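Participant: Need coordinates for the below:
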Amino acid sequence: MSKAPASSPKQQTLDLSTLSIQNLSAVKKQLDEELEHLTASFQKLRAAQAKFKECVKAIQNGVNPGVEGKTILIPLTQSLYVPGTLEDPGNVLVDVGTGYYVEKTTEKAIAFYNDKIKTVGNNLDDLEKIITQKTQNVKVVEDVLRQKVLQANAATSTS
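Facilitator: Below is the predicted model:
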């Protein structure tokens, strides 16, 4: 008995011309679902990147010695702000994820968010390549499916 070697997941090559119309439809449906999921993930990453850019902008524009001791609006959620005062314009609390906050200098906070923006940007680039490839795969499957349907219709009309 031979055993298949364990390897990392790779894309499988499939001869689409050997598949039936029903199988091609199933492959197309699966690719469409994957593409929909990847596109939704892409949009969420774009939103996260925009949020990080907004954080940098907020630190650069809103945290300065001119607002020290003055009443400002502090965001608790995206739509809820409460009045507060800035006691130390040199330090801010940075949301590092899952409800944890770390005090950082404004320079380090900006660097932290810029690193996040860069990382998310790299992930977006990678995801965009995958989406492009999946889109091409869907088009190929659609073309083969269309040819099979036309062949099937031609075969039934000549009979």
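Participant: Could I get the CA-only coordinates of the lowest-mean-pLDDT helix or strand in the chain as PDB?
Facilitator: One helix or strand of the chain scores below all others by mean pLDDT, DSSP states H and E: strand 71-75, with a mean of 82. Written as PDB, here are the backbone C-alpha positions of strand 71-75 (Å, rounded to 0.1, in the frame of the first residue of the first chain):
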ATOM      1  CA  THR A  71     -12.000  69.900  27.200                       C
ATOM      2  CA  ILE A  72     -12.000  67.600  24.200                       C
ATOM      3  CA  LEU A  73     -14.200  64.800  23.000                       C
ATOM      4  CA  ILE A  74     -12.800  61.300  23.700                       C
ATOM      5  CA  PRO A  75     -14.100  58.400  21.600                       C
END
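Participant: on contacts alone, who are the packing partners of it?
Facilitator: Under the contact criterion of 3 or more C-beta pairs under 8 Å, 6 or more residues apart in numbering; DSSP states H and E, the helices and strands touching strand 71-75 comprise strand 81-85. Using the backbone N, CA and C atoms, a C-beta is placed for each residue, glycine as well.
Participant: to the chain's geometric centre, what's the distance from the strand it packs on?
Facilitator: Shown here is strand 81-85, whose average C-alpha point lies 32 Å from the average C-alpha point of the whole chain (C-alpha atoms, centre = their mean, to the nearest Å).
Participant: Which other helices and strands does it contact?
Facilitator: On a contact count with 3+ C-beta pairs under 8 Å, 6+ apart, strand 81-85 meets strand 71-75.
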